[in-house]
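S.K.: how would this look folded up:
(one chain, ligands or ions: 2)
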Amino acid sequence: MTSQTLLVETHELTKVYGNGNEVVALDHVNFSVERGEYLAVMGPSGSGKSTLLNMLGALDRPSSGHVLMDGQDLATVKDLDRFRARTVGFIFQLHNLLPTLSALENVTVPMQGQPGSGREHREWAEHLLELVGLAERADHLPGQLSGGQRQRVAVARALANKPVLILADEPTGSLDTQAGDEVMALLTDLNASQGTTIIVVTHDRHVARSTRRILSMRDGRIVDDHRVADAATEDLRSLARSPLGQSLLNGDTKELASLGLAQDGRLTAEGEALRELLDRAITH
Ligand SMILES: Nc1ncnc2c1ncn2[C@@H]1O[C@H](COP(=O)(O)OP(=O)(O)OP(=O)(O)O)[C@@H](O)[C@H]1O
Ligand SMILES: [Mg+2]
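M.R.: Ligands and ions are numbered 1, 2, ... in the order given. Alright, predicted model coming up:
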């Protein structure tokens, strides 16, 4: 792994809240995220998930330790507002849209102060609303949209400045299953088509499974870092657990002869190839 592929790194990242009655929200956290990764952060309430996201997005400062973005220590960034506007797109649980602005205007808000004319900003916002399937709702106020639609506006807004990193804190938390699935499908597409790095905090296993890696937190620490296999690998793993898979892996040729996977007490070429596939899937 070269440092060029790393987008985010934390070194002994620690956050302690309060004086006297101290809460260690993050406790010497070390992890890194490569460009293009799509990962979920899970863990019980109070385990430090939001605190971690806030540190990564420079919304708050660590008590000790470091966050590096693209190799640069956030503690050395002079203009954090500018850094945030250019690098990070935020999506929160309660899609905090401005209630008096239309969907389109909400999407243009982060573009203020960024290069381009007002007209260019509006055109880009129209494009983003189209991307999230809301071109027809551009002029609606947030109060005239459903929860899922509002959250899709929030996704469009997070994309306004073409961020390299999207930080989403329970983006489906206030939505029903279908609207939540739609928002996650959007994020999955975005990761696949644009290579945008996405970190999403969620309580929902179903949501986490649409990502490629799951970090589990407990008491301010990362206690597990699990790579989610692709669907084909997961299928091979379930085949490996079946009686047929067990026969192949154990070289139990009796059961396999009738399937053409073994002959004269030995695996055939097909049998051998399948055994290798299973072996690779379960040892990865
Ligand atoms: N501003 C704050 N002042 C004091 N303590 C805080 C503050 N923010 C968070 N904490 C504490 O830090 C710990 C981690 O909080 P955090 O919000 O990161 O948890 P979380 O994993 O996001 O939980 P949830 O799933 O409920 O959103 C908790 O014990 C919380 O009470
Ligand atoms: Mg939280």
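S.K.: do a quick rundown of the strands in the stretch 101-250 of the chain.
M.R.: Secondary structure of the stretch 101-250 of the chain by DSSP state E, counting those that start in this stretch: the strands cover 165-169, 197-201, 213-218, 221-227.
S.K.: I'd like those as CSV, with mean neighbour count appended.
M.R.: Glycine gets a C-beta too; all of them are placed from N, C-alpha and C. Formatted as CSV, the strands of the stretch 101-250 of the chain follow (neighbours: other C-beta atoms under 10 Å):
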stretch, mean neighbour count
strand 165-169, 24
strand 197-201, 25
strand 213-218, 19
strand 221-227, 13
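S.K.: looking at those, which is closest to residue 63?
M.R.: strand 221-227 (14.9 Å; C-beta to C-beta).
S.K.: mind checking how far the closest one is from the chain centre?
M.R.: When C-alpha coordinates are averaged (C-alpha atoms, centre = their mean, to the nearest Å), strand 221-227 and its chain have centres 14 Å apart.
S.K.: tell me which other helices or strands it touches.
M.R.: Here strand 221-227 is seen to pack against strand 23-34, strand 213-218 when contacts are counted using 3 or more C-beta pairs under 8 Å, 6 or more residues apart in numbering; DSSP states H and E.
S.K.: do it and ligand 1 meet?
M.R.: No - for strand 221-227, no contact with ligand 1 is found by C-beta under 6 Å from any ligand atom; the gap never falls below 11.6 Å.
S.K.: residues in contact with that strand?
M.R.: 27-31, 43, 48, 212-217 (C-beta atoms under 8 Å, 6 or more residues apart in numbering).
S.K.: run a quick check on residue 175 versus residue 183, I expect a contact.
M.R.: Yes - Residue 175 is within contact range of residue 183, at 6.6 Å (criterion: C-beta atoms under 8 Å).
S.K.: higher neighbour count, those two?
M.R.: residue 183 (24 against 21; other C-beta atoms under 10 Å).
S.K.: of the helices and strands packed on strand 221-227, which is nearest residue 147?
M.R.: strand 213-218 (25.4 Å).
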